[in-house]
Every structure is written in C-alpha cells, then in structure tokens.
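# With the input below, show me the fold.
(4 chains)
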Number of protein chains: 2
Amino acid sequence: MARPRTFDEDAILDRAMLLFWRKGYEATAMSDLVEELGLGRGSIYAAFGDKHQLFVRALSRYLGHQDALLATAFDADGPALAQLRDVLDRLLAADAACGNAGCFSVNSIAELLPHDGEVARLAQRSLRVAEEAFARQLERAAQEGELSATITPEAGARLLLTLVQGIQIVRKVDPDPARTAAGLDSAFALLSGDASKQPAALAPAPA
Amino acid sequence: MARPRTFDEDAILDRAMLLFWRKGYEATAMSDLVEELGLGRGSIYAAFGDKHQLFVRALSRYLGHQDALLATAFDADGPALAQLRDVLDRLLAADAACGNAGCFSVNSIAELLPHDGEVARLAQRSLRVAEEAFARQLERAAQEGELSATITPEAGARLLLTLVQGIQIVRKVDPDPARTAAGLDSAFALLSGDASKQPAALAPAPA
DNA sequence: CATTTACTTGACCGCTCGTTCCAGAACGCG
DNA sequence: CGCGTTCTGGAACGAGCGGTCAAGTAAATG
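Presented below is the predicted three-dimensional model:
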C-alpha cells in the first residue's frame, strides 16, 4: 500500500451520474467529465476503465437507489393502494432531482437500446424488480378488496410500470407538475373502481 | 434552371429517418449518412443544411405520418373504443418497422430534451395533436355509453397518451409482442368498465 | 452546338473525441 | 527518514467528427 485515493468513488459516481443523466451518453465528453468530476483523465481511467464502464457504474448506482426504495417502502400496514401511490410519487419526485432531464433509466433505454447489451441487462432487471414489487402490493390490495375486479394484480403491475415510464417521457415534453401525475390519478381511480377519486388526488401516506 | 436533382428528397429523408431512428442522433455520424443515403457529403449539405436540420426534417416527416394516421383513422361509425384501440395498435405496429428500435419520437425526446428547443417544439405539437384526437374519440365513446363513468374523456386521453409512450420504452427492454400491448389491454378493460374484456383482446375494427 | 447554371463528388480542413502515457507528488512502511 | 508504491494531473496521440470547397458533370437554354 502506498498513496491512497483522494476521492470517494461513490461521490464521483454520483456526479458522473448527474452529468450522463443531464446530457445523455454520447453527448457527454470525457472533457466534460474531467471538468465536472474534478479529477484528471488518468485517475478516471485508472478507477473506472473507460467511458462506457463509468456509465454502466453510474447507471447501476441510480438503479440501485430505485431498487432500495422499492425494497423498503412497502409494509403490510395501511391501505395498499395509497401506499403504492405514495411510492410512485416518491419515485417520480426523486427523478425531479435533475431538472427536467426526466429519468436516467428511461433516457438510457431510449438512447442505447437495443444496441447496448450491458445496459439492456441492467434495464431488464430493474423493470422486472419494479413490476414484481408493484404486483405484490396489488396482490395485497386485491386481498383487502381495494382493487377493482376488472383487473388482476399482474396486469395492474404491468399497467403501472408502463405508465410510469410514459410519464417520464411526457414530462420531458410538458414539465407542468400539475399534469405530470394526471395519468397516475386516472389509473388509480380506475384500479380502485372508485369514481369519487377521479378529479382529486388520493390520500397521502399514513402519518 | 440547369441540372436537376438526381434524388427524391422525401426518399432520402425516409432513409435518414431510419438511420437516426436506429442509432439515435449523436451516435449517427455524417459518414454513416453518406453511406446509407448514397449521396456525397456536399449534396447532403446543399440540400439540408447541416446534420441537425436533416435530423429535424426526418423527425418532422416521421411525426407527419403519425399525424396523418390520427387525422384519417377516426369516423363516427362503429364502436368508438374499439376504433381507438385499433388506431393505437396500428401506431404501435408502425413503430415495429424499425426492428426493436422503439419509437423515433420517444427516442428523440429522451435523448435530446430538454436541451434541443426545436425538437421540443415538434414533440409538444405531436403529443398535443395525439392527446386531442384521443380525447375527441373518448368523448364520442362517453356519449355512446362505452366509457366508464369513473373517468373523463380528457383524463382518459392523457392516460392513453402516457401509456403509449411508456409502451415504447418497455418494448425496447422486453420486445415480447405478447406482453407489449398488455398494458393497453388492461387500460381499455378499465376504461370500458367491463371485467369480461380483461384477459382477451378487444374486437378488431369493423370490416 | 456552345454556353450557362446547377448539382455531384470526394478530397480536405480544423477540431474534438476517447484513450494512453509519463513525470512528479503523496502517502505507507521498514 | 528515505525507499517503494500508488495515485495524480495534464501533455500528447491517432482516429474520427461535422463541415467546406473546388473541380468535374449533366441538363436547360438560345
């Protein structure tokens, strides 16, 4: 052992993530990263290999945050649908952290798939994890009589998963926060089969 | 007037569209375009200005096709919801024309917004046109009693618009055609308030 | 048929890209 | 304290980028 790293790898990954998120993979140059990360080119290459590996590491970190939120957010207390709705709102709110850049995962899928196999695998895993978490929660909603009989938990999970991805696209075009979650409002009103919930937002999470 | 063009501008735009669609804006090099279009660099620049203008022209052409489909597909005959569902299936089918590259519009929004103002304007207009067309058709569905009272035509249009964008993303990750339109199946089942329509597909357009 | 005018081609330009490399700095260790 | 090792920063590199230009070519015109 000799001279130790002067930087925290995770902190660097966070900054790289924000840059790739804002500009996309191809439009982000190594010179941008050198400037943003405050490291010399040599240090970046020694620590992460090359641009693509750095991108994959940054995207993995982003997806890991999402997975962690989904893994810890659900419990068996309180109304299942409202809890699910709250989690989706928090996922969307987290993606507002990067201005109007949308969702890093959605942007990466749109830009790099189907050509980039490594990013494809990450995206597959992430979507599967989310869909399964949604399905489990809708299963509980169904058992507790909250879910409309018109739809199965699995179909509802697929619907919500798809809808959230779509919101990330529409939001980049029309950032109006009032309209951003309108699709979710409608979806939850239909999922619960309750006409009264259509215009207004659902109740927030339990205190 | 002297020597006329040896190429058809629209045919060239179609080929440029396919290339940008497949590879994205930044990843498509002028040398790729020279090879794919079969024109010299000078001819391309003389005809279209620069790479970005060529991209905008290609995207406009793509969006024009979508607008044309939406403008001509609806009439007052037959069940409104089934007609709408058929149009959405045709929109999705048209986007399968470029392998698993998804939707050119969604890809462009994800890659270039919010930084590219010109593409942003095109996308805004296109989404607005689609949403309004959906809303008109759902209005007719409501008048004819096909639409669930749980949702307004405007909210349903927003829901479907968002869902279609989401399908384009999910499809790039999981191209299985059986699962591609599953979200649409669920959405239409919920919109019609009919539990019987959940597992199976809706009826096709009238003969 | 000669002239004019527009279009086509591909060599060429300066620049920026991702990546490599090396000289020097900073720390752990004997 | 000084040696060995690792990390650091930036100069340098070849490749490839988007864009330009001038010479050659083909159609329209009188």
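
# Look up phi and psi at residue A:25.
When read as degrees, to the nearest 10, the backbone of residue A:25 gives phi -70, psi -60.

# Count residues in the vicinity of it, would you?
Applying other Cβ atoms under 10 Å in any protein chain shown, we find 22 residues neighbouring residue A:25. From N, CA and C alone the C-beta is placed, and that goes for glycine too.

# ditto for the one 3 residues further on
The number of residues packed around residue A:28, counting by other Cβ under 10 Å, is 20.

# Tell me the secondary structure at it.
coil (DSSP: H, G, I helix; E, B strand; the rest coil).

# List the residues that contact residue A:18.
Neighbour list for residue A:18: A:36, A:98 [criterion: Cβ atoms under 8 Å, 6 or more residues apart in numbering or on different chains].

# Look up which helix or strand it falls in, please.
helix A:9-23 (DSSP states H and E).

# Relative to the whole chain's centre, how far out is that helix?
15 Å (Cα atoms, centre = their mean, to the nearest Å).

# Can I get it in CSV, CA atoms only?
Below are the C-alpha coordinates for helix A:9-23, written out as CSV (Å, rounded to 0.1, in the frame of the first residue of the first chain):
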residue,chain,number,x,y,z
GLU,A,9,-15.7,6.6,-5.5
ASP,A,10,-19.4,6.8,-4.8
ALA,A,11,-19.3,10.6,-4.6
ILE,A,12,-17.6,10.6,-8.0
LEU,A,13,-20.2,8.2,-9.4
ASP,A,14,-23.0,10.4,-8.2
ARG,A,15,-21.5,13.4,-10.1
ALA,A,16,-20.9,11.3,-13.2
MET,A,17,-24.5,10.1,-12.9
LEU,A,18,-25.9,13.6,-12.9
LEU,A,19,-23.8,14.5,-15.9
PHE,A,20,-24.8,11.5,-18.0
TRP,A,21,-28.4,12.0,-16.8
ARG,A,22,-28.5,15.6,-18.0
LYS,A,23,-26.7,15.2,-21.3
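
# Just the mean pLDDT for it, thanks.
Mean pLDDT, helix A:9-23: 98.

# Next, the buried residues of the helix or strand following it.
Next along the chain after helix A:9-23, taking DSSP H and E as the criterion, comes helix A:30-37. Applying a neighbour-count criterion of 16 or more other Cβ atoms under 10 Å in any protein chain shown, one finds A:33, A:36, A:37 buried in helix A:30-37.

# tilt between helix A:30-37 and helix A:9-23?
Using axes from the mean of the first three to the mean of the last three Cα atoms, to 10 degrees, the direction of helix A:30-37 lies 130 degrees away from that of helix A:9-23.

# Just name whatever secondary elements helix A:30-37 is in contact with.
Under the contact definition 3 or more Cβ pairs under 8 Å, 6 or more residues apart in numbering or on different chains; DSSP states H and E, helix A:30-37 sits against helix A:9-23, helix A:41-48, helix A:51-73.

# and the shortest one, does that touch DNA strand C?
Yes - against DNA strand C, helix A:41-48 shows contacts by Cβ under 7 Å from any atom of the strand at A:41, A:42, A:45.

# how about the residues of chain A that lie near DNA strand D?
Taking Cβ under 7 Å from any atom of the strand as the contact definition, chain A meets DNA strand D at A:1-7, A:39-43, A:46-47.

# from these, which two are the most distant?
Greatest spacing in the residues of chain A next to DNA strand D, by Cβ to Cβ: A:1 and A:41 (24.1 Å).

# Can you list the buried residues in the top helix by length along chain A?
Longest helix in chain A, counting residues (DSSP state H): helix A:117-143. Under the neighbour-count criterion of 16+ other Cβ under 10 Å, helix A:117-143 has A:119-120, A:122-123, A:126-127, A:130-131, A:133-142 buried.

# Name the residues that touch stretch A:81-95?
Contacts to stretch A:81-95, defined as Cβ under 8 Å, 6+ apart, come from residues A:65-66, A:69-70, A:73-75, A:102-104, A:134, A:137-138, A:141, A:146-147, A:160, A:164, A:167-168, A:180-181, A:184, A:188, A:191-192, A:202-206.

# one step back: which positions within the helix holding residue A:18 qualify as buried?
In helix A:9-23, counting by 16+ other Cβ under 10 Å, buried: A:12, A:13, A:15, A:16, A:17, A:18, A:19, A:20, A:21, A:22, A:23.

# chain center to the helix or strand of chain A with the lowest mean pLDDT, what's the gap?
Lowest on mean pLDDT, DSSP states H and E among the helices and strands of chain A sits helix A:177-180, with a mean of 92. Remark: helix A:177-180 is offset 17 Å from the chain centroid, using Cα atoms, centre = their mean.

# That one vs chain B: in contact?
Yes - for helix A:177-180 and chain B, the contact criterion (Cβ under 8 Å from any Cβ of the partner chain) is met by residue A:179.

# Dump the next helix or strand after that helix to PDB, restricted to CA.
Once the chain leaves helix A:177-180, the next helix or strand it forms, by DSSP H and E, is helix A:182-192. Output of helix A:182-192 as PDB, limited to C-alpha atoms (Å, rounded to 0.1, in the frame of the first residue of the first chain):
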ATOM      1  CA  ALA A 182     -52.600  13.200 -14.000                       C
ATOM      2  CA  GLY A 183     -52.200   9.800 -15.700                       C
ATOM      3  CA  LEU A 184     -51.500   8.200 -12.300                       C
ATOM      4  CA  ASP A 185     -54.500   9.900 -10.800                       C
ATOM      5  CA  SER A 186     -56.700   8.400 -13.500                       C
ATOM      6  CA  ALA A 187     -55.000   5.000 -13.300                       C
ATOM      7  CA  PHE A 188     -55.500   4.700  -9.600                       C
ATOM      8  CA  ALA A 189     -59.100   5.900  -9.800                       C
ATOM      9  CA  LEU A 190     -59.700   3.100 -12.400                       C
ATOM     10  CA  LEU A 191     -57.800   0.500 -10.400                       C
ATOM     11  CA  SER A 192     -59.800   1.200  -7.300                       C
END
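
# what's in contact with helix A:182-192?
A:81, A:85, A:88-89, A:138, A:141, A:146-148, A:150-151, A:156, A:159-160, A:163-164, A:166-167, A:170, A:195, A:197-198, A:201-202, B:148, B:150-151, B:155-156, B:158-159, B:161-163, B:190-191.

# how much does it deviate in direction from helix B:182-192?
Put simply, helix A:182-192 runs at 70 degrees to helix B:182-192, going by the same axes, to 10 degrees.
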